[in-house]
Every structure is written in structure tokens, then in C-alpha cells.
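Undergrad: Got a sequence here, can you model it:
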Amino acid sequence: MKKALITGANKGVGFETARQLLQQGYYVYLGCRDADRGQAAVEKLNAEGLTAVTVIQLDVSDDESVKAARADLGTKTDVLDVLINNAGINGGMPQGALTTNVATLNEVFNVNVYGVVRVTQAFFDLLQKADQPRIVNVSSSGCSLTLSSDPTWRYYHHKGAMYQPSKAALNMYTIDLAYDLRDTPFKVNAVDPGFVATDFNAHRGTGTVQEGGKRIAAYALIGTDGPTGRFISFEHNPETGEIPW
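TA: Purely as a prediction, here's the structure:
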């Protein structure tokens, strides 16, 4: 049975991605900052007949929490097939370029960028033991420099001087990580779940968590002929998913 770790997995797109991977026969570890909420998510999945799931207490913004989570997971498995870096925060709105608070900006980067680096590095040894390891970094079309500077783009006026730079930095990390792993079986991609209605955006999104989860899960499940080092958004480009950086 293949095994996946998903950060920020007790609700929203992370939870739905977990559900879809469970339905595909994966064992899923729910990385959750709040263990009680994580356990409630486990029980909800169990009630649906999805029992191959365990909560892992994991705060991606905290070095010691990440180390403890790696030690905990190491008592449960010696291999990890999929890592989905889904945990993220937006820093609150509005986010003007001239009014953004640097302290809050640092908090956003600490979760959305540094947290991904922490988790990826901490769990990399388990991923290396998989035959076809996959890393999916959950991104956003809103961090595309090309699209965000295009006045004709439908989300052109959706600006966020904390969130957008953090996800743009995540995209660059994805490129560098994929490059470092270019001669290995790893596939590393940045995937936009789309503007889906969740707590993250006060349910203003126009898509569903089922759609978002399907988009992320698809890149956890890609075969050996799948892409690596790509930025994927099927909401923006329904045909190929390729999106400008």
C-alpha cells in the first residue's frame, strides 16, 4: 500500500485530497497543527468507510514540531510515496503593497515557503525509499507574474502583497527542487487547485473542494511519463494545465 503525507489536511482542499487518495487505495497521514481537529477529520473519514488514515501532529511553521512529526511518522512507516505541501495561510485581507505589515509578511512566508522547505527536507529520506516518489506543492494561479500583470486576466484585481509573493517564492523553490532531483524517479510539481470555496477565502471561491482535491491528487498519482518542475492550473488552462510562471 502506497503512503502519503498531506500537510494542513484536517479541512478544505487538504482534507478532500486525503479522501480522494484514500479512495485510490493509499494510506494517508493527515498532517495537522491541531491534533484534536486532525482526529476529528480521521473520524469523519472513518465514518465514510475510509480507515487507512492516521493523524500526525505537525505545525509546518515550527522546527521542533516538524522534527517531532518526522520521528512520529518514522515509527509508523519507513517509506513515503507522496508528500503534498498543502498547509498555507493568506495573512488576512486587504494586503496593500504600501500597507503590508512586515511581521505578518514574515508569518506568511514562514508557513507558505519556509514550512514547505522544512517539511520537504525533514521527510526527504522517507521519500527517497519510494519507487516513484511524488512531491506536490499547492500553489495558486494568483502568483503567476505573467497573469497578475495582465489587466485582461479575470483575477487581475485580486491582489495580495503577502500571499502572492509567498506563493511565487514557493514556485521558484519547486523549480529548484525539481532541478536537484532531475536525474531521479522524483516528480515535483506546483499545482493550483483553483479558486475553490473554503474557509481559506471565506467561501468566496467559485469552485468546489472536490474539483480542487482532484487536481492535486492527479499529480500525486502521475506515472513515470508525467511532468516534473511544472506549474499546473487546469482552472486557468483546461486543456493542458500548463500555466505561465
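Undergrad: And the helix or strand of the chain with the lowest mean pLDDT, how far out from the chain middle?
TA: For the chain, using mean pLDDT, DSSP states H and E, the weakest element among its helices and strands is helix 209-220, scoring a mean of 94. Offset of helix 209-220 from its chain centre (Cα atoms, centre = their mean, to the nearest Å): 10 Å.
Undergrad: what do you get for stretch 15-22?
TA: Worked out by Cα atoms, centre = their mean, stretch 15-22 lies 12 Å from the chain centre.
Undergrad: partners of the helix or strand where residue 55 lies in the sheet?
TA: For residue 55, the host element (DSSP states H and E) is strand 53-57. Strands that pair with strand 53-57, judged by DSSP bridges, come out as strand 27-32 (parallel).
Undergrad: CA-only coordinates of the strand it pairs with in CSV, if you can.
TA: Provided in CSV are the C-alpha atoms of strand 27-32 (Å, rounded to 0.1, in the frame of the first residue of the first chain):
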residue,chain,number,x,y,z
TYR,A,27,-2.6,5.0,3.3
VAL,A,28,-2.8,8.7,4.3
TYR,A,29,-1.2,10.6,7.1
LEU,A,30,-3.0,13.8,7.9
GLY,A,31,-0.5,16.5,9.0
CYS,A,32,-2.4,18.8,11.3
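Undergrad: And the contacts of it?
TA: 1-10, 14-15, 18, 21-22, 38, 41-42, 52-58, 60, 69, 73, 76-77, 87, 119 (Cβ atoms under 8 Å, 6 or more residues apart in numbering). Any C-beta I mention is one placed from the backbone N, CA and C, and that applies to glycine too.
Undergrad: Apply 7 Å and report the result again.
TA: By Cβ atoms under 7 Å, 6 or more residues apart in numbering, the surrounding residues in contact with strand 27-32 are 1, 3-10, 18, 21-22, 38, 41-42, 52-58, 69, 73.
Undergrad: Go through the longest helix along the chain and flag the buried ones.
TA: If each helix of the chain is counted by residues according to DSSP state H, the longest one is helix 163-180. Neighbour-count burial for helix 163-180 flags 163-171, 173-174, 177-178 (criterion: 16 or more other Cβ atoms under 10 Å).
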